[in-house]
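Peer 1: give me a 3D structure for the following:
(2 chains)
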There are 2 protein chains.
Amino acid sequence: MSVLMEQVHPPVTDLRLSKILAALADPGRLATVRTLAQKGESPCTRLQQDAGLQISRSTFSHHQKVLREAGILLVRVRGAERILSLRRDDLDSRFPGLLDLVLNTPEKLI
Amino acid sequence: MSVLMEQVHPPVTDLRLSKILAALADPGRLATVRTLAQKGESPCTRLQQDAGLQISRSTFSHHQKVLREAGILLVRVRGAERILSLRRDDLDSRFPGLLDLVLNTPEKLI
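Peer 2: So this is what the prediction gives:
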């Protein structure tokens, strides 16, 4: 069973464009989001590997925190693992087209 | 006659999503871009007023620099004035939909 850490996810009504843009404004965080969209829900250790991020665990944790606090990532705890997924429906309902734009931009233009 | 400061505007081929998102990730800079889209080409002093930005001149200059270096703003010098405009065609050709999304987001969701 996985547990949603309710207290640390902003409700959809609190999502703000400037905060979401700030969270996305980093190549490592963009890679995290794009990989998650491609691979689907992932344990965080596998996600870091899949995204090809050669960064420390604490830096990746920081990226997750920024993305979670902006309302982009959902983090659940399953045993010793954190399971990450995209809040795609929330983002699409609040800022239609934003996530698609980020996902459809060619790698070389990131 | 106005003079384009060629050296300080990145060519369209150098525009990058992460840099553009970082430039837009600030309520004051978002207000600058949205006001410019609404009012059209503007002298920078009038733009600051129109955007309702209660910030110092140097802070507004900094915002302009960040937007210009990301490829969002075009800055020309006409006499003692700086004339600002949006690089709408460049942005639309490189990142279709991004500017529209920023301009169409309701004020309360910024």
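Peer 1: chain A: helices as residue ranges?
Peer 2: For chain A, applying DSSP state H gives helices covering A:17-24, A:27-39, A:44-50, A:57-70, A:88-94, A:98-104.
Peer 1: relative to B:Arg76, which of those is closest?
Peer 2: With C-beta to C-beta, the closest approach to B:Arg76 among the helices of chain A belongs to helix A:17-24: 26.5 Å. Where C-beta positions appear, they are placed from N, C-alpha and C, glycine not excepted.
Peer 1: can you put the helices of chain A in CSV and add distance to B:Leu21, mean pLDDT and mean neighbour count?
Peer 2: Formatted as CSV, those follow (distance: least, C-beta to C-beta, whole Å; pLDDT from 0 to 100; neighbours: other C-beta atoms under 10 Å in any protein chain shown):
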stretch, distance to B:Leu21, mean pLDDT, mean neighbour count
helix A:17-24, 5, 96, 22
helix A:27-39, 8, 95, 19
helix A:44-50, 21, 95, 17
helix A:57-70, 12, 95, 17
helix A:88-94, 14, 96, 16
helix A:98-104, 8, 95, 18
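Peer 1: so which of these is nearest A:Pro10?
Peer 2: A:Pro10 sits nearest to helix A:57-70 of all the helices of chain A, at 6.9 Å, using C-beta to C-beta.
Peer 1: re earlier: tell me which of the helices of chain A sits nearest to chain B.
Peer 2: helix A:17-24 (3.6 Å; C-beta to the nearest C-beta).
Peer 1: chain B contacts on chain A?
Peer 2: A:15-19, A:21-22, A:24-27, A:30, A:94-98, A:100-102, A:105, A:109-110 (C-beta under 8 Å from any C-beta of the partner chain).
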